[in-house]
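Engineer: Fold the following and give me the result.
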Amino acid sequence: QFARPESDGGVWRKRMGIPPEVPLFSTSGVLTARKNHAFLLQVMQAWLQRGRDGFLIVTGEGELAQWLKSQARAAEVDKRVLFPGYLPEDELCRVFASSTAFLFPSRMEGFGMAPAEAMACGTPAIVSDRGALPEVVRDGESGYVLPIDQGVEPWLRAMERLCDDRGLRTRMTAAALTDVRERFSWERAGRETEATFQRVIAAHRRSVG
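Structural biologist: So this is what the prediction gives:
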C-alpha cells in the first residue's frame, strides 16, 4: 500500500516548519524500549553538536512517548526532534518521501515492516544489524546495516554520506524502490510459500513411501 507520493513542491515541509534544503530523517513505530528511540536522540544530539543541520520526525505512540519527549528536552534537541504521533498512511508516505534517510535502530525485529514501507517510498534505510533487518536492507545498496553497540559514530557517518553525496542517495533510492517491488510483493510471497509447502509435502511422501 505504501508508494512514493508525487512531489508537492515543498508544501508539506513548509507546513512542518522545515526549510527545503535542511536534511530530514524519520523513524516510525510503537514507542517502546525495543525500538531503541533513545539511541536516535543520542544520534541527533551528536549530529547537531558537530555542526550539522537537520530534523528527525518520530511517528507513532506508545508507553515511552512522554519519556522520550522529556529526554529530547533534556538533550536540548526538542526543537529538532518532532513527535507528531500516529499519522495516516498518506501523511506517513509524505514523511518518508521527504526524508534523506529512514533511521531504525531496533534491538530486535522479526521482519522490519517500517523500513520496507520507507523503502517503498524511495527512502534509503539505515537499520540495526539485529533480527531480520539485514534481510530487509541490502547494506551499501538500499541503505546501511549498522551496529548499535559501538556508539553513534557509524550512524553519523552513514547519515553524512547520504546527505553529502547526491549520486549515492539517488542510487540508493532506486535500489530501495526496486528491492521492495521485486523482493517483497505478495505475488512473490505466495509463490515462495507454495514452493515451500510443495517441498515439505514431497519430502513427507518420500519418507512414508
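Engineer: after the helix or strand hosting residue 15 comes which helix or strand?
Structural biologist: Assigning secondary structure by DSSP states H and E places residue 15 in helix 11-16. Where DSSP H and E defines the elements, the next helix or strand beyond helix 11-16 is strand 24-28.
Engineer: if we can go back for a sec, list the buried ones in the helix holding residue 15?
Structural biologist: By 16 or more other C-beta atoms under 10 Å, the buried positions in helix 11-16 come out as 12-13. Where C-beta positions appear, they are placed from N, C-alpha and C, glycine not excepted.
Engineer: From here on, call the first residue 47.
Structural biologist: Done: numbering now begins at 47, and the last item shifts to helix 57-62.
Engineer: what's the least confident helix or strand in the chain by mean pLDDT packed up against?
Structural biologist: Among the helices and strands of the chain, helix 232-254 carries the lowest confidence by mean pLDDT, DSSP states H and E, at a mean of 87. Here helix 232-254 touches no other helix or strand, going by 3 or more C-beta pairs under 8 Å, 6 or more residues apart in numbering; DSSP states H and E.
Engineer: Tell me which residues are up against that helix.
Structural biologist: Helix 232-254 is contacted by residues residue 228 when judged by C-beta atoms under 8 Å, 6 or more residues apart in numbering.
Engineer: and the residue nearest to the spatial centre of the chain, how far is that from residue 74?
Structural biologist: Nearest residue to the geometric centre of the chain (C-alpha atoms, centre = their mean): residue 148, 3.3 Å. Distance, residue 148 to residue 74, using C-beta to C-beta, to the nearest Å: 8 Å.
Engineer: Look up the residues that both of these two are in contact with.
Structural biologist: Shared contacts of residue 148 and residue 74, defined by C-beta under 8 Å, 6+ apart, comprise 142, 160, 164.
Engineer: Looking at these, state which has the most neighbours.
Structural biologist: Using other C-beta atoms under 10 Å as the neighbour criterion, residue 164 leads the shared contacts of residue 148 and residue 74 with 32 neighbours.
Engineer: Just to check, that residue is in contact with residue 72?
Structural biologist: Yes: the criterion here is C-beta atoms under 8 Å, and residue 164 meets it with residue 72 at 7.2 Å.
Engineer: in the protein, which spans are strands?
Structural biologist: 70-74, 101-105, 127-131, 147-150, 171-174, 189-192 (DSSP state E).
Engineer: neighbours around residue 94, how many?
Structural biologist: 17.
Engineer: Reformat the strands of the chain as CSV; add mean pLDDT and distance to residue 255.
Structural biologist: Listed next are the strands of the chain as CSV, based on pLDDT from 0 to 100; distance: least, C-beta to C-beta, whole Å:
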stretch, mean pLDDT, distance to residue 255
strand 70-74, 98, 50
strand 101-105, 98, 54
strand 127-131, 97, 58
strand 147-150, 98, 47
strand 171-174, 98, 45
strand 189-192, 98, 44
